[in-house]
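J.: Return atomic coordinates for the entry below.
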Amino acid sequence: MSNSPVTGQFTIQRPIRYLIDAPPGPTPQVCAIALHGYGMNASEMLSLTRRLLGPQPLIASLEGPNAFLIGKPGDSSTGFHWGTPATTGFHVDVHHQAVRAISAILTQQFGAGAGNLLLLGYSQSVGLNYRFAASHPGSARAVMGLCGGIPSTWEDEITAVDCAILHVARTEDEFYPAAAVEQFEQRLRKRASDVEFHLLPGPHRFPLKFATQAQQWLSRVFGLNSAP
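T.: The predicted structure is shown next:
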């Protein structure tokens, strides 16, 4: 009879691809770090974020480190994601490293500070962004969560989250049941004082029709001279 297998692990570095779309001129008042949902890529997220936020913000779109084929046999179409429930500790750490790294790049190349930074996530990345904001106070001015969830440990911590939060949810989201979504605003307010919550009709989709409200929120939170 063979011995029981030995379980172990080691850490390797993973490259994180990013795209930056910067408007001409001085450092924008809003520098958005955008993270996509499961099966998407940085290019797709960059396009959607630009349509949502308008022409003024700088957008840095990060790509998840995990790749998989999303097409039919013979199709090489690739999607990316940020991790699975089985790897929570690891992919949360990778996400934190990625956000810190792109923040440093935006500071070095564009002079952006924490007061300029918006952490924006769609679907899978929303909860990761909330974890980052809670773990790194003073690292961003605002967080925008689109059609995603809130960490299960959100209420376990008592430290206040010091950034403004805009959360957009859907009434018929197939990944986040209505019973859970209805509690999101109350849950977010337990740790953040500046929370704006919107529940839109429809299924799990990127809320492009919310662009006007999103840009009005940016104008308020970042003190823009005029709405984008």
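J.: okay, CA-based contacts and neighbour counts for the rest of this
T.: Fine.
J.: can you list the weak-confidence ranges in this protein?
T.: 1-2, 225-228 (pLDDT under 70).
J.: ok, longest helix in it?
T.: As assigned by DSSP state H, the longest helix anywhere in the chain is helix 88-110.
J.: For it, give me every contacting residue.
T.: 16, 27, 31, 33, 60, 82, 83, 84, 112, 113, 128, 132 (Cα atoms under 8 Å, 6 or more residues apart in numbering).
J.: rerun at 6 Å
T.: 27, 83, 112 (Cα atoms under 6 Å, 6 or more residues apart in numbering).
J.: where exactly do the strands run in the chain?
T.: 18-21, 31-35, 58-62, 66-69, 78-81, 117-122, 142-146, 164-170, 195-200 (DSSP state E).
J.: Format the ones you listed as CSV; extra columns: mean neighbour count and distance to residue 213.
T.: Output for those, formatted as CSV (neighbours: other Cα atoms under 10 Å; distance: least, Cα to Cα, whole Å):
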stretch, mean neighbour count, distance to residue 213
strand 18-21, 17, 22
strand 31-35, 28, 16
strand 58-62, 26, 18
strand 66-69, 15, 32
strand 78-81, 18, 28
strand 117-122, 26, 15
strand 142-146, 25, 12
strand 164-170, 24, 10
strand 195-200, 16, 10
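J.: so which of these comes closest to residue 187?
T.: strand 195-200 (10.2 Å; Cα to Cα).
J.: what packs against that closest one?
T.: Contacts defined by 3 or more Cα pairs under 6 Å, 6 or more residues apart in numbering; DSSP states H and E place strand 195-200 against strand 164-170.
J.: Now do the strand it packs on against strand 195-200, angle only.
T.: Interaxial angle, strand 164-170 versus strand 195-200 (axes from the mean of the first three to the mean of the last three Cα atoms, to 10 degrees): 10 degrees.
J.: which of the contacts of helix 88-110 lies closest to residue 121?
T.: residue 83 (14.5 Å).
J.: still on that earlier bit, need the strands of the chain in CSV (columns: distance to residue 216).
T.: Shown next, in CSV, are these (distance: least, Cα to Cα, whole Å):
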stretch, distance to residue 216
strand 18-21, 21
strand 31-35, 15
strand 58-62, 17
strand 66-69, 34
strand 78-81, 30
strand 117-122, 14
strand 142-146, 13
strand 164-170, 11
strand 195-200, 12
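J.: who wins for proximity to residue 50 among those strands?
T.: strand 58-62 (7.4 Å).
J.: Could you export the contacts of helix 88-110 to CSV, including columns for distance to residue 136?
T.: Below are these laid out as CSV (distance: Cα to Cα, whole Å):
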residue, distance to residue 136
27, 23
83, 21
112, 17
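J.: re earlier: how about the longest helix of the chain: buried residues?
T.: 91, 92, 94, 95, 96, 98, 99, 102, 103, 106, 107 (16 or more other Cα atoms under 10 Å).
J.: swap in stretch 157-166?
T.: So, applying 16+ other Cα under 10 Å, buried residues of stretch 157-166: 161, 162, 163, 164, 165, 166.
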